[in-house]
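**Student:** sequence and predicted structure below; questions after.
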Amino acid sequence: MSAPDGMITQRPIPGHPRPYHFPETIRTTLPNGLRVMVTPMPGRELIAASLALRTGAADEPGTLGGATVLAARALTEGTASYDAVALTEAAERLGASIHAEAGWDATSAGLDVPVTRLEPALELLAEVVRRPSFPDAEVERLRDERLTDLLQARADPRRRADEAYVSSIYAPSSPYHRPAGGRAATVATLTTADLRGIHAAACVPERAALVVAGDVDPGAVLRAAEALFGDWAASGAGAAAPIDDTGIVEARFIRVIHRPGAVQTEIRIGHPGLSRLNPDFHAVSVMSAILGGLFNSRLNMKLREEKGYTYGASAGFDLRRARGPFTARAAVNTGATVPALLEFLVELDRIREAPVTDSELAAARDFLVGVFPLRFETPGPVAGSLSGLFVHGLPDDELARYRGEIEAVTADDVLRVARAHIHPEAAAIVLVGDHDAFGEELAAAAIAPVEVQVDADEAVISPGKASPGV
């Protein structure tokens with residue numbers, strides 16, 4: 001409604017989500033085990049192509065921590081036929097951009113290219129993945145860059161909190177105990193031979209998928225795939241070994257990384273969470289949105305809008321092939337450290353104690369359902385999501401079913417998964433900030449045993465508190 005002067009007097013309400021159908025995907029498996037997925041998207045002439053390997057940082061030996069990420073970065077630094085400069089120039093002549101990266105769950109190389117030059121671009125992609133040369137000089141440069149990055153991370157409170165947090169909730173035997181890119185002790189020892197070995201173990205057709213999306217002819221893509229990858233010999237490798245996701249949080253405790261003079265405190269609260277294959281995925285998505293995933297989530301409205309402790313508070317699950325972490329997080333003014341921590345714990349308890357309201361449920365479902373089609377307006381996200389289905393072993397119709405599954409989540413479902421998967425009574429609390437400024441108040445609050453880490457190598461226990469033994 002509008003007033004006579006044209007001013008709006010009534011806030012508009014959200015509309016109903018529009019119908020949406022995920023584009024049809026043609027799937028084929030070559031005799032050597034390579035999966036090929038092609039999604040025609042008429043009118044999208046900038047094609048996205050990706051080769052995903054279902055092997056990531058979680059699969060590497062602990063002694064080679066960081067090798068998978070480093071090897072992925074080195075893929076575009078030279079191949080049997082091109083050095084780094086020649087590879088870049090070859091891609092530029094095709095109007096293509098080429099990239100490679102690795103994370104916990106997978107390694108991938110991909111490109112974006114005009115449809116008229118897709119076939120020669122796929123030849124470059126095959127060259128990068130199947131024939132990387134790992135030049136010594138480039139490997140040394142990338143290793144030094146990573147070591148410099150790790151030094152910088154020690155001065156960054158946010159990254160320091162993230163690293164301290166995962167090392168507080170996962171056992172040292174788990175790869176999740178450390179950053180995906182490795183720590184300085186292992187990165188510094190990595191050699192060209194290590195990277196070659198890591199890539200060779202990962203680069204097998206049985207654990208690979210070629211995904212192409214855009215205005216393409218599926219038959220032409222399949223013929224190109226057979227020509228470029230059909231002679232890729234199967235290795236006989238079976239499924240990857242299970243990932244060690246052992247947690248070490250049995251009861252709530254607080255770990256403080258003391259940074260004298262810090263004007264803010266980084267807060268992390270949580271424990272090992274869920275894998276992507278958990279059957280509660282859709283209900284957990286809605287619950288996480290209500291708790292800490294939306295701007296109007298409970299945590300953000302309480303800590304930012306009502307209390308003014310932070311510019312933003314959030315919470316959610318990092319869903320991996322094995323149990324990734326559940327984390328609630330914020331950066332708050334030093335003086336608000338303990339009050340903010342108490343508010344976090346109140347909200348983590350509240351989501352488990354009573355059903356969410358109808359308005360909260362509707363807002364979360366409508367957001368997740370409404371934003372879903374926006375993710376897939378261009379070929380890149382379509383190819384990325386299909387690669388994700390392959391990496392996590394999800395059903396072919398997972399994306400087609402998503403909106404209906406989200407719409408079916410009830411308040412009872414939200415309460416059930418909150419009780420099943422959020423455990424504030426058995427959570428690690430990591431604080432990176434000035435313990436001298438908030439230590440007495442923290443001790444008086446008697447939230448949990450407190451460990452104070454003065455520096456990276458030495459820890460002392462606050463008076464009157466017991467060590468949690470981590």
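**Tutor:** Noted; the coordinates are in hand.

**Student:** tell me where the stretch 51-200 of the chain has strands.
**Tutor:** Assigned strands in the stretch 51-200 of the chain, in chain order: 97-102, 107-114 (criterion: DSSP state E, counting those that start in this stretch).

**Student:** ok, and which of those has the densest surroundings?
**Tutor:** strand 107-114 (a mean of 23; mean count of other C-beta atoms under 10 Å). (Each C-beta comes from the backbone N, C-alpha and C, glycine too.)

**Student:** list the contacts of the residue lying closest to residue 318 once chain neighbours are set aside.
**Tutor:** The shortest distance from residue 318 to any non-neighbouring residue, by C-beta to C-beta, 6 or more residues apart in numbering, is to residue 324 (3.6 Å). Neighbouring residues of residue 324 by C-beta atoms under 8 Å, 6 or more residues apart in numbering: 104, 176, 245, 272-275, 317-318.

**Student:** buried stuff in stretch 348-361?
**Tutor:** Across stretch 348-361, burial judged by 16 or more other C-beta atoms under 10 Å covers 348, 351-352, 355-356, 360-361.

**Student:** for residue 296, give its distance to residue 374.
**Tutor:** 19 Å (C-beta to C-beta, to the nearest Å).

**Student:** now swap in residue 188 and tell me
**Tutor:** 43 Å.

**Student:** would you mind measuring from the residue nearest the centre of the chain to residue 276?
**Tutor:** Geometric centre of the chain, nearest residue: residue 318, 5.9 Å, by C-alpha atoms, centre = their mean. Going from residue 318 to residue 276 by C-beta to C-beta gives 10 Å.

**Student:** residue 397: neighbouring residues, count only.
**Tutor:** Residues near residue 397, counting by other C-beta atoms under 10 Å, number 10.

**Student:** next one, pLDDT for residue 59 please.
**Tutor:** We have a pLDDT of 96 for residue 59.

**Student:** and the nearest residue to it once chain neighbours are set aside, what element?
**Tutor:** Leaving aside its chain neighbours, residue 59 sits nearest to residue 240 (5.6 Å; criterion: C-beta to C-beta, 6+ apart). In this assignment (DSSP states H and E), residue 240 forms part of neither any helix nor any strand.

**Student:** and the gap between residue 240 and residue 369?
**Tutor:** Using C-beta to C-beta, one gets 33 Å for the distance from residue 240 to residue 369.

**Student:** more neighbours: residue 296 and residue 374, which one.
**Tutor:** Between residue 296 and residue 374, counted using other C-beta under 10 Å, the more crowded position is residue 296 (14 against 9).

**Student:** sec struct for the more buried one, please.
**Tutor:** Following DSSP: H, G, I helix; E, B strand; the rest coil, the label given to residue 296 is coil.

**Student:** what residue ranges in this structure score low on pLDDT?
**Tutor:** By pLDDT under 70, the low-scoring segments of the chain are 1-18, 238, 455-470.

**Student:** mind redoing it with 90?
**Tutor:** For the chain, the stretches with pLDDT under 90 are 1-23, 154, 234-241, 374, 454-470.

**Student:** quick one, domains of it?
**Tutor:** 26-229, 253-461 (automatic domain parsing).

**Student:** closest one to residue 19 among the ones you listed?
**Tutor:** Residue 19 lies closest, by C-beta to C-beta, to one member of those: domain 253-461, at 9.1 Å.

**Student:** name the residue in residue 240 and residue 369 with the higher neighbour count.
**Tutor:** residue 369 (19 against 15).

**Student:** wait, doesn't that one sit right on residue 407?
**Tutor:** Yes. The pair residue 369 and residue 407 qualifies as a contact (C-beta atoms under 8 Å) at a distance of 6.0 Å.

**Student:** circling back to that earlier point, now the residue nearest to residue 318: phi and psi?
**Tutor:** Dihedral angles of residue 324 (phi, psi; degrees, to the nearest 10) stand at phi -80, psi 170.

**Student:** repeat for residue 40
**Tutor:** As for residue 40, its main-chain torsions (degrees, to the nearest 10) stand at phi -70, psi 130.

**Student:** give the contact list for it.
**Tutor:** Per C-beta under 8 Å, 6+ apart, neighbours of residue 40: 23-24, 26, 214-218.
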